[in-house]
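Peer 1: below are the sequence and a predicted model; questions follow.
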Amino acid sequence: MKKIKFNNIITTLVIIILMLTVSCSERNVNELPLATNYPTTPEIFIDGFSGGLNFSAWGKVTNFSIDYNEKYSGTCSMRFEVPNSGDPTGITAGGVFQTSLGRDLSGYNVLTFWAKSSETDTLSSIGFGQSTVNGVNVANYKVTLNNLVLTNTWTKYYIPIPDPSKLTQEKGMFWYWVNPSSSGKGFTFWIDEMKYEKLGTIAHETPGSIYSGNDEILNNVENGDYTIPDLNATFNLPTGINQTIGFSSGYLTLTSSNPYVATTSKPGTYTVINAGSTLVTAKLGNNYVKGSALINSIGAPVLPAMSAPIPNTSTYPQAKVVSIYSDSYKNATVDSYEPYWTWSGGGYTTNCTFYSNNGNNYIRYSNLNDIYNQKQVEVAISFETLPIDVSSMTTLHMDVWVPASSPYSTNIPTISLEDWGGNYGGTSSTGVYTRPGALLTNQWVSLELPLSSFTGLISRAHLVHLIFGNFPTVVYVDNIYFHK
Amino acid sequence: MNYTKIKNKNHLQVSVAIYTLLLFSLIGCSDNGNVQQLPHRNYKLVWSDEFDSVAGASPNANKWAFELGNNGGWGNSEYEVYTNSTNNVSTDGTGNLAIVATKVPTTPYATYYSGRITTKGLFTKTYGRFEARIKLPYGPGIWPAFWLIGANKDSLDANNNIIGWPQCGEIDIMELNGSKPSIINGSVHGPGYSGGQAITKSFGLTTGRFDTDFHIFAIEWGKNYIDYYVDNVLYEEITPANVAGKGNWVFNDHPFYIILNLAVGGNYVTGPTDQTTFPQTMLVDYVRVYQEIQ
């Protein structure tokens, strides 16, 4: 026994001496780590901003300034003014600090800062990992700390990084979105000494779950991208207390047991590419995340064999029609056939694709009734920019095709129309039509819905949304128009 | 046996130690302020428990006795009820003793169960090196400790009065407030310097915590001195000079027994909160006691 130990010691010594004495022989370039060229600067704000940071305000645009009187240390701090709830210039203090060139934050494990507020108050949401690139919000690695209570004493706060190895070129250094207090009163808060750190005093990372912690079996899944919704993780802070943060599924490392059926190269997303079965599991760093999905894919989407019935333009000529989507009419100005709505819960998950059958175009919505998040997701066609006046119309027409293979194909769907009652001061109203039964499958169903059946709609002179609710997971639609 | 041959679960530590040694020798013997000149003392092992039993076993009854119940908060308004259940005290089958604090929802307040074991009546000793390798629990209201109590506590003095506490002396080799998982305290309590007036000092990890890895907590105790160590770093020496003007030095010439416990709530830490994760485990790899040899 002693001899073995002695041998180990000798071996170790030999290795060390070798390490110290071996000259620099040539190394194969392939063995070297890739140079990223992304800066590893940890500082965000110490006494002024670190290089390359840009600020964009959300809400009240003047909510942020530098304060040379109030500071935790050094010469100045960041000062944020949360407006009163009635402030005409904006009722929220929000903003994002981002870099134009991403930073490599993989060597840190927490964003820390000192903060205080004018009175004990709550920061609705703060975090990092989201930025705006070419006008699009990028949030693959977003982290959110909700309801952080500040006091009027400078205190150090921590927002842990769920898996630092993912942040090799992150642009979103810090963001905040703070509402007035529950009484509607605004307040001021200050942040100082904000930087990324590597702390051994953050411990016991406990990830939340995907699929509510269940091992789900998902049948009839079609080819496409499926994004895991945001989830939570709890950390124990240097103060011994637990802190829960929300984070984007991009931090997860997904595994597909059968890469022929699904791949996992996109952040937080698995991409089904062929028919077959695969088991999707997730890890956060080295910890397995509870929950999994056994995907039984049917491969390529089932498409309608033929086009939707062509509208009869002699019965309903353009003059008697306000069209939202049809090849037979001039369509009204539509902002989006699938706006990035999140109010349906669980984040944005639906897919909207445009198809054509011999030149006849139609829309495919998928993940509408969201088996992946186990939530019903509503999707709307939005025309907020130019609200539509259909006060002289009598009927909403729509052609719908549901594949028999679609999950939730027996759902009783609803269609809602929302009216904003004019630009300013009008009374908003929403009318809901509930179909008496499920839609027939594998055939075009032409709906002719009297506008009087949209219960609750006070006016239809300023329609802004047409909303599909409780639909089957996959649905094709065409020829959406109002007529009289 | 030289005490510095600590139990190594793998050889990496040995290698690292040698590598470090080699580094020091390479950079020359400058008087580096980070290098401690520790007192040279030789010890031999006289008592130990390595907790090598199968999983789920109670600690060896020849070495440890349970202290049970709440005992009026044990003098500190503590919340926990100590049991002898293997739910609260048992070996884990991988060489450790787990002392586990559990929370049971009861009305109107939750009930906390935990464990406290002692060598009282089984093993006592005057002087020596007392050490334990422990991975500590964490969270508000969590209070683990490795400590010694004078074995004459329940004896009568010359006037036939019970000697009692703090006259018997108390040596806290390690106690931790779960709200400060990076800091432990080493203390002595005696007549005139007990409770809030105890002689105490903190030792903090600058880049780590006591609940994520095992650490070695030890005292080296002899006539007129008690030296406190964490991972063989000496951070405190308490001598009669520290208690001068307060009370008598009560740590010479009488034996002490060992206590390992995990308290919940109490004056030292205040109560647990919703932020406290349960169960909490104090994982003890070993307890060893050494006699100094000349």
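Peer 2: Ah, there it is. Numbers count the residues shown, from 1 in each chain, chains lettered A, B, ... in the order given.

Peer 1: what mean pLDDT does stretch A:274-289 get?
Peer 2: Mean pLDDT, stretch A:274-289: 96.

Peer 1: again, but for stretch B:159-177
Peer 2: 96.

Peer 1: what is the end-to-end distance of that stretch?
Peer 2: In stretch B:159-177, first residue to last residue: 39 Å (CA to CA, to the nearest Å).

Peer 1: any buried residues in that stretch, and which?
Peer 2: By 16 or more other CB atoms under 10 Å in any protein chain shown, the buried positions in stretch B:159-177 come out as B:163, B:165-177. Using the backbone N, CA and C atoms, a C-beta is placed for each residue, glycine as well.

Peer 1: equivalent analysis for stretch A:131-141, please.
Peer 2: Under the neighbour-count criterion of 16+ other CB under 10 Å, stretch A:131-141 has A:131, A:138-141 buried.

Peer 1: stretch A:428-447 now?
Peer 2: Those would be A:429-433, A:435, A:439, A:441, A:444, A:447, for stretch A:428-447 by 16+ other CB under 10 Å.

Peer 1: can you list the buried residues of stretch A:131-141 in a markdown table and add distance to A:Ile298?
Peer 2: Shown next, in a markdown table, are the buried residues of stretch A:131-141 (distance: CB to CB, whole Å):
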| residue | distance to A:Ile298 |
| --- | --- |
| A:Ser131 | 37 |
| A:Val138 | 32 |
| A:Ala139 | 31 |
| A:Asn140 | 28 |
| A:Tyr141 | 32 |
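
Peer 1: between those residues, which is closest to A:Met398?
Peer 2: For the buried residues of stretch A:131-141, the closest approach to A:Met398 (CB to CB) belongs to A:Ala139, at 32.8 Å.

Peer 1: and the closest one, what does it touch?
Peer 2: With contact set as CB atoms under 8 Å, 6 or more residues apart in numbering or on different chains, A:Ala139 has these partners: A:129-130, A:172, A:248.

Peer 1: strands paired with whichever strand or helix holds A:Leu145, and their directions?
Peer 2: Per DSSP states H and E: A:Leu145 is located in strand A:143-150. In the sheet, strand A:143-150 lines up against strand A:121-128 (antiparallel), strand A:242-247 (antiparallel) (DSSP bridges).

Peer 1: now, of these, which is deepest in the fold?
Peer 2: Neighbour counts (mean count of other CB atoms under 10 Å in any protein chain shown) averaged over each of those peak at strand A:121-128, with a mean of 21.

Peer 1: for the next helix or strand after it, which strands pair with it and how are they oriented?
Peer 2: Moving toward the C-terminus from strand A:121-128, the next helix or strand (DSSP H and E) is strand A:131-133. Sheet pairing here is set by DSSP bridges, and for strand A:131-133 it gives strand A:136-138 (antiparallel).

Peer 1: any idea of the mean pLDDT in the partner strand?
Peer 2: Strand A:136-138 comes out at a mean pLDDT of 83.

Peer 1: in strands, which of the buried residues of stretch B:159-177 appear?
Peer 2: Members of the buried residues of stretch B:159-177 lying in strands (criterion: DSSP state E): B:170-175.

Peer 1: taking those residues, tell me the two that lie furthest apart.
Peer 2: Pairwise distances among those were taken by CB to CB; the largest, 12.9 Å, belongs to B:Glu170 and B:Met174.

Peer 1: re the thing from before, of the buried residues of stretch A:428-447, which pair is most distant in space?
Peer 2: Top of the distance list for those (CB to CB): A:Ser429 and A:Thr441, 32.7 Å.

Peer 1: circling back to that earlier point, closest to chain A among the buried residues of stretch B:159-177?
Peer 2: The closest of the buried residues of stretch B:159-177 to chain A turns out to be B:Asn177 (CB to the nearest CB; 7.8 Å).

Peer 1: nearest residue to the closest one other than its sequence neighbours?
Peer 2: Using CB to CB, 6 or more residues apart in numbering or on different chains and skipping residues adjacent in sequence, the residue nearest B:Asn177 is B:Val269, 4.8 Å away.

Peer 1: verify the stated contact: that neighbour with B:Gly139.
Peer 2: No - look at B:Val269 against B:Gly139 with CB atoms under 8 Å: they stay out of range, at 9.6 Å.

Peer 1: who touches both of the two?
Peer 2: Contacts common to B:Val269 and B:Gly139, judged by CB under 8 Å, 6+ apart, are B:178-179.

Peer 1: need the next SSE after the helix-or-strand element of chain A with minimal mean pLDDT, C-terminal direction.
Peer 2: Between all helices and strands in chain A, the lowest mean by mean pLDDT, DSSP states H and E belongs to helix A:2-21, at a mean of 42. Counting by DSSP H and E, the element after helix A:2-21 in chain order, helix or strand, is strand A:43-45.

Peer 1: quick one: the strands in the stretch 201-350 of chain A?
Peer 2: Ranges of strands within the stretch 201-350 of chain A are A:203-207, A:215-222, A:224-227, A:231-236, A:242-247, A:253-256, A:262-263, A:269-272, A:276-284, A:287-288, A:292-299, A:321-325, based on DSSP state E, counting those that start in this stretch.

Peer 1: swap in the stretch 51-200 of chain B?
Peer 2: B:65-66, B:81-82, B:89-91, B:97-104, B:111-114, B:116-118, B:128-135, B:142-150, B:170-175, B:183-189, B:199-204.

Peer 1: nearest to chain A, out of these?
Peer 2: strand B:142-150 (7.6 Å).

Peer 1: what lines up beside that closest one in the sheet?
Peer 2: strand B:170-175 (antiparallel), strand B:256-264 (antiparallel).

Peer 1: between those, which one is nearest to A:Ser307?
Peer 2: Nearest of the strands paired with strand B:142-150 (CB to CB): strand B:256-264, 70.8 Å.

Peer 1: angle of that closest one against strand B:97-104?
Peer 2: 30 degrees (axes from the mean of the first three to the mean of the last three CA atoms, to 10 degrees).

Peer 1: tell me how far B:Ser187 lies from B:Gly196.
Peer 2: From B:Ser187 over to B:Gly196 the distance is 11 Å, taken as CB to CB, to the nearest Å.

Peer 1: what does B:Phe256 give?
Peer 2: With CB to CB as the criterion, B:Phe256 and B:Gly196 are 22 Å apart.

Peer 1: what's the answer for A:Ala308, then?
Peer 2: Using CB to CB, A:Ala308 is found at 83 Å from B:Gly196.

Peer 1: those two: which has the busier surroundings?
Peer 2: A count of neighbours by other CB atoms under 10 Å in any protein chain shown puts A:Ala308 above the other of A:Ala308 and B:Gly196, at 23 against 8.

Peer 1: for the more buried one, give me phi and psi.
Peer 2: Main-chain dihedrals, A:Ala308, degrees, to the nearest 10: phi -70, psi 160.

Peer 1: and the average pLDDT for stretch B:225-240 is what?
Peer 2: Regarding stretch B:225-240, the rounded mean pLDDT is 96.

Peer 1: where does the prediction get shaky in the stretch 1-150 of chain B?
Peer 2: Within the stretch 1-150 of chain B, the ranges that satisfy pLDDT under 70 run B:1-34.
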